[in-house]
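Student: structure for the following, please:
(one chain, ligands or ions: 1)
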Amino acid sequence: ERGRRRAISNKIALLPALPGLPLIGNIHELGSLPHQSLRELSKKHGSLMLLHIGSIPTLVVSSAELAQEFMRTHDMVFASRPSSKVSKLLSYNNIDIAFSPYGDCWRQLRRISVNNLLGQKMVQSFSIVRSEEVAQLLERVEDQASRDNGVVCITEMLNSVVSNILCRVVLGASMSDERTSLVCELVKRNSTFFSVVFFEDHFPKLRWLDVLLGSEAKLRTHFNTWDSLLEEFIENHLNKCKDGGDSNGTNTDFIDILLQLQRDSNTDFVLTRNHIKAILMDMFAAGTDTSFITLDWSMAELIRNPEVMKKAQDEVREIANGDEMIAEERLGQLKYLNAVIKEVLRLHPPVPLLLPRVSTEACQMQGYNIPKETRVFINAWAIGRDGAYWDSPDEFKPERFLDSTIDYRGKDFHLIPFGAGRRICPGMPFAVAVVELTLANLLLRFNWTLPSGISKEVMKMEDSPGLGSLRKQKLELVPTLVNFK
Ligand code: HEM
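Tutor: A predicted model of the protein is given here:
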């Protein structure tokens with residue numbers, strides 16, 4: 001038995017492992033944009049690398065073939081998530097959807113997210129929320145352009161339309177602007193906390209350093225702010241019900257739905273207050289920045305590629321056929337716009353390393369034995385730019401998708417912005433509906449240029465650090481209203 005174990009551990013040692021420093025392993029090589037540093041490392045060390053983040057063995061996957069091995073062939077083994085200090089606290093001890101380990105709790109919550117919150121039927125039922133919020137966005141763009149030398153900060157506008165839609169869907173129509181901006185602010189801080197290195201995660205005995213440096217206290221304060229806000233939202237909904245509010249009416253929001261499910265809980269699975277708060281946290285954290293990042297990159301790429309912008313505008317204006325707003329039912333006809341969105345998600349996946357996975361048992365892959373509890377990062381960003389699958393991989397060419405069936409729904413492993421397999425993003429239909437409607441209407445209603453004195457050549461297409469890869473520079477543009485008469 002000992003001999004067999006030694007043979008196995010010899011085999012894992014054969015994995016292309018990066019030499020690291022004592023204690024910190026390879027942390028110093030990740031830099032502020034790990035997806036980019038890891039791609040450079042994979043060019044040298046191969047598309048399956050073993051490195052050590054602190055003391056934790058972590059595999060980095062940088063090819064579509066291997067991504068398929070992890071997320072299809074061995075999906076069940078890698079369908080769990082590792083826990084970290086930040087994820088554990090913010091997900092009420094890992095009882096949310098995104099961070100809970102693979103098992104019964106995750107399965108129940110995942111079912112709720114797909115059947116009751118984020119599935120196609122629910123997405124359709126919130127169609128009115130999207131069209132009202134997008135109509136307001138168009139008004140705000142027009143209004144601001146008439147005041148500030150014609151320039152609007154489109155990045156901020158996109159951030160607020162996405163947050164407004166999400167807050168209305170989750171919390172209902174009565175949410176104040178002040179509460180919506182607090183949610184926005186807290187979501188941004190979540191992302192910052194995910195990029196802070198906590199000693200406890202890598203060296204449990206060094207937790208005292210997190211305490212000494214004050215990072216633990218900051219994290220707790222942040223969590224407490226979230227917790228009291230979520231409590232307030234839930235209490236308001238409970239009071240509304242007590243006052244005779246209609247929790248089954250057409251204006252049902254996510255909190256109403258979750259409270260109803262809690263009342264209907266059977267003995268197999270009881271949905272607790274903490275489950276509800278953890279799900280709400282997931283919706284805010286996973287739902288806002290991701291769609292907003294996609295929209296922001298879309299506008300930046302379109303402005304840098306005027307011929308693509310023109311084609312997308314011609315298409316949307318033809319389909320709108322004189323209407324001032326394009327309705328959701330017609331979005332399916334926008335083939336070119338759809339290709340634009342795929343191309344944006346290929347070059348700029350909002351979560352470039354997806355969410356980490358961890359193996360729940362040992363497994364054999366490519367002749368190697370991968371032990372239980374090995375972490376895995378899938379570099380979707382590197383795969384989307386790999387010359388092995390894509391012609392001129394760094395160029396923005398939506399045409400590549402026009403005569404192709406390649407999609408981002410988790411079947412084509414060279415385009416996986418939403419991940420794949422059991423843990424694929426359940427918010428995909430929700431996100432696609434928001435991104436398509438917003439982008440189509442911005443292109444329909446306005447023509448767009450850069451402010452005078454700024455040329456597209458000086459636009460920097462760099463990511464900012466953090467869990468999500470928002471474009472670093474804020475995008476300012478000049479909209480010109482299109483005359484529909
Ligand atoms: C363009 C927008 C979005 C992108 C690119 C995106 C991307 C992702 C990715 C890469 C994952 C991890 C998948 C994996 O491990 O294979 C994920 C998980 C998740 N996403 Fe999204 N997402 C988006 C929008 C949304 C929205 C709008 C929501 C909800 C309102 C949402 C909710 C979730 C949840 C709950 C999970 C965890 C799933 C699980 O672990 O079972 N996402 N998303």
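
Student: got the contact list for the closest residue in space to His348 that isn't next to it in sequence?
Tutor: Counting by CB to CB, 6 or more residues apart in numbering, His348 lies nearest to Trp297, which is 4.2 Å off, once chain neighbours are set aside. Heads up, the C-betas are built off the backbone N, CA and C, glycines and all. Taking CB atoms under 8 Å, 6 or more residues apart in numbering, we find Trp297 in contact with Val344, Leu347, His348, Arg471.

Student: now Trp297: which helix or strand?
Tutor: Secondary structure assignment for Trp297, by DSSP states H and E: helix 273-304.

Student: for the residue of the stretch 151-300 of the chain found nearest the ligand, give its distance to Arg207.
Tutor: Evaluated by CB to the nearest ligand atom, the stretch 151-300 of the chain has Gly287 as its residue closest to the ligand, separated by 2.9 Å. Gly287 sits 32 Å away from Arg207, going by CB to CB, to the nearest Å.

Student: which one of those two has more residues nearby?
Tutor: Neighbours per residue (other CB atoms under 10 Å) separate Gly287 from Arg207, with Gly287 holding more: 24 against 15.

Student: pretty sure the more buried one contacts Gly427?
Tutor: Yes. With contact defined as CB atoms under 8 Å, Gly287 reaches Gly427; the gap is 5.7 Å.

Student: what touches both of those two?
Tutor: With contacts taken as CB under 8 Å, 6+ apart, Gly287 and Gly427 have no neighbour in common.

Student: where does pLDDT dip in the stretch 151-300 of the chain?
Tutor: Counting by pLDDT under 70, the stretch 151-300 of the chain shows low-confidence ranges at 243-251.

Student: and the helices in it?
Tutor: When assigned using DSSP state H, counting those that start in this stretch, the helices of the stretch 151-300 of the chain occupy the ranges 154-171, 177-194, 199-202, 207-213, 215-242, 254-263, 273-304.

Student: mind listing what the residue most central in space within the chain touches?
Tutor: Geometric centre of the chain, nearest residue: Thr290, 3.8 Å, by CA atoms, centre = their mean. Listed by CB under 8 Å, 6+ apart, the contact partners of Thr290 are Pro350, Val351, Gly427, Ala431, Gly468.

Student: hmm, back to that, measure how the helix holding Trp297 sits relative to helix 215-242, angle-wise.
Tutor: Counting by axes from the mean of the first three to the mean of the last three CA atoms, to 10 degrees, helix 273-304 lies at 100 degrees to helix 215-242.

Student: quick check: angle from helix 273-304 to helix 154-171?
Tutor: Helix 273-304 and helix 154-171 are oriented at 150 degrees to each other (the same axes, to 10 degrees).

Student: what comes up buried for helix 273-304?
Tutor: For helix 273-304, burial by neighbour count (16 or more other CB atoms under 10 Å) applies to 275-303.

Student: report the backbone C-alpha coordinates of the next helix or strand after that helix in CSV.
Tutor: The helix or strand immediately downstream of helix 273-304 is helix 306-320, counting by DSSP H and E. Output of helix 306-320 as CSV, limited to C-alpha atoms (Å, rounded to 0.1, in the frame of the first residue of the first chain):
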residue,chain,number,x,y,z
PRO,A,306,-16.3,52.0,-36.3
GLU,A,307,-17.1,49.6,-39.2
VAL,A,308,-18.4,47.0,-36.6
MET,A,309,-20.4,49.8,-34.9
LYS,A,310,-21.9,50.8,-38.2
LYS,A,311,-22.9,47.3,-39.1
ALA,A,312,-24.5,46.7,-35.7
GLN,A,313,-26.4,50.0,-35.9
ASP,A,314,-27.6,49.3,-39.5
GLU,A,315,-28.9,46.0,-38.3
VAL,A,316,-30.7,47.2,-35.2
ARG,A,317,-32.2,50.2,-37.1
GLU,A,318,-33.5,48.0,-39.9
ILE,A,319,-35.1,45.5,-37.5
ALA,A,320,-36.6,48.4,-35.3
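
Student: so stretch 366-380, near the ligand or not?
Tutor: No. In terms of CB under 6 Å from any ligand atom, no part of stretch 366-380 sits within range of the ligand; the closest distance is 6.8 Å.

Student: for Val196, list the residues it contacts.
Tutor: Val196 neighbours (CB under 8 Å, 6+ apart): Val86, Ser215, Leu219.

Student: and it, how far from His237?
Tutor: 33 Å.

Student: got it, and Glu231?
Tutor: In terms of CB to CB, Glu231 sits 11 Å off from His237.

Student: the more surrounded of the two?
Tutor: Using other CB under 10 Å, the more surrounded residue of Glu231 and His237 is His237, with 21 against 12.

Student: what residues are up against the residue nearest to Ser32 when sequence neighbours are not counted?
Tutor: Closest residue to Ser32 apart from its sequence neighbours, by CB to CB, 6+ apart: Pro465 at 4.1 Å. Pro465 makes contact with Ser32, Leu33, Ser195 under the criterion CB under 8 Å, 6+ apart.

Student: burial count for Asn224?
Tutor: Neighbour count for Asn224, taken as other CB under 10 Å: 11.
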